[in-house]
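**Student:** my questions are about this predicted structure, shown below with the sequence.
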Amino acid sequence: MADCQRITILAGDKNRNNGKAIRNAYSISELAVIFQTSSMFNNLKIYCKKIVPLTDDELNIVDKYFEVKKLKRKDFLLQDGKVCNFIAFIANGVIRHFHIKDGVEKTCNISFENSWVTDFQSFTSGSSCVMNLQAMEPTIVFVIKKEDLYRLYNECHKYETFGRLMVEHAAQYATEIAMSLSSEKPEERFQNLLTKHPNIFQRVPRKYIADFLGIRPESLSRIQKRIHLKRKS
């Protein structure tokens, strides 16, 4: 079988290995994972470069500070009661943000690829978090811990600017969500969400979408039916 075949490649720094390169043998499936991860890291680097001007050497610094974390559907990246000591970039997948009030889950946000997720209050203050971050489908994130983030800032000060801009963006987005809930009708919120994420119903359960929009699932069904009828007429 193809997966049983192993490919040997040279790897390592000769200076650190007594003048000899190390031979590593990988199966075809292992190589596929390596190349997929490398491609996703490129997505992170492209995203960073859009925010601040970075050279290739500066971009490659992220390789040593971020770690890959794979989540299965319903796995938690973060649970309430714990201290959030990381920031994560979604390379592939969907993360639901929710907190629990009076025993009921309240969906605050739904994040997709090329988004950053954390609990900012817990991350900055070191207090226990109230937010839960849960995968809605198989998800891959790149995680950087707080201490590594500061090391990254020290190694390349441009990333400090990047971090500040990301915090400002997150604050602006939170304001937009609050304004949407207070000033827009549910149908407007739904159409805006669908415009941004047309395949959301294939990726996120309906009850969480309704919860995020601030309505009940049956109300969401009525809105969908109205929109469908309008398009037909």
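**Tutor:** Structure received.

**Student:** element containing the residue positioned nearest the centre of the chain?
**Tutor:** Central residue of the chain (Cα atoms, centre = their mean): Ile90, 2.4 Å from the mean position. Element membership for Ile90 (DSSP states H and E) is strand 86-92.

**Student:** report the buried residues of the next helix or strand after that strand.
**Tutor:** Per DSSP H and E, the first helix or strand lying C-terminal to strand 86-92 is strand 95-101. Residues of strand 95-101 classed as buried: Ile95, Arg96, His97, Phe98 (neighbour count, 16 or more other Cβ atoms under 10 Å). The C-beta positions use only the backbone N, C-alpha and C, and glycine is treated the same way.

**Student:** ok, the strand holding Ile90: who's next to it in the sheet?
**Tutor:** Strand pairing for strand 86-92, using DSSP bridges, gives strand 116-117 (antiparallel), strand 139-145 (antiparallel).

**Student:** which one of those strands lies closest to Ser125?
**Tutor:** Among the strands paired with strand 86-92, the nearest to Ser125 by Cβ to Cβ is strand 139-145 (16.0 Å).

**Student:** tell me the buried residues in the closest one?
**Tutor:** In strand 139-145, counting by 16+ other Cβ under 10 Å, buried: Thr139, Ile140, Val141, Phe142, Val143, Ile144.

**Student:** for the residue nearest to the third one when sequence neighbours are not counted, give me its contacts.
**Tutor:** I take that to be Val141. Leaving aside its chain neighbours, Val141 sits nearest to Ala88 (4.2 Å; criterion: Cβ to Cβ, 6 or more residues apart in numbering). Contact partners of Ala88, counting by Cβ atoms under 8 Å, 6 or more residues apart in numbering, are Lys69, Leu77, Trp116, Val117, Thr118, Leu133, Val141, Phe142, Val143, Ile144.

**Student:** do that again at 6 Å, thanks
**Tutor:** Val117, Val141, Val143 (Cβ atoms under 6 Å, 6 or more residues apart in numbering).

**Student:** now the helices for this structure?
**Tutor:** 28-51, 56-60, 62-65, 120-125, 146-155, 158-183, 186-196, 206-213, 217-232 (DSSP state H).

**Student:** for Val83, find the nearest of those helices.
**Tutor:** Across those, closest to Val83 is helix 120-125 (Cβ to Cβ), at 5.8 Å.

**Student:** quick check: closest non-adjacent residue to Lys207.
**Tutor:** Pro217 (5.2 Å).

**Student:** the one you found reaches Ile209, doesn't it?
**Tutor:** No - Pro217 lies out of contact with Ile209 (Cβ atoms under 6 Å); the separation is 8.4 Å.

**Student:** please say which of those two ends up with more neighbours.
**Tutor:** Ile209 (22 against 13; other Cβ atoms under 10 Å).

**Student:** distance-wise, check that one relative to Leu59.
**Tutor:** Going from Ile209 to Leu59 by Cβ to Cβ, to the nearest Å gives 35 Å.

**Student:** now Glu67
**Tutor:** Distance from Glu67 to Leu59, by Cβ to Cβ: 17 Å.
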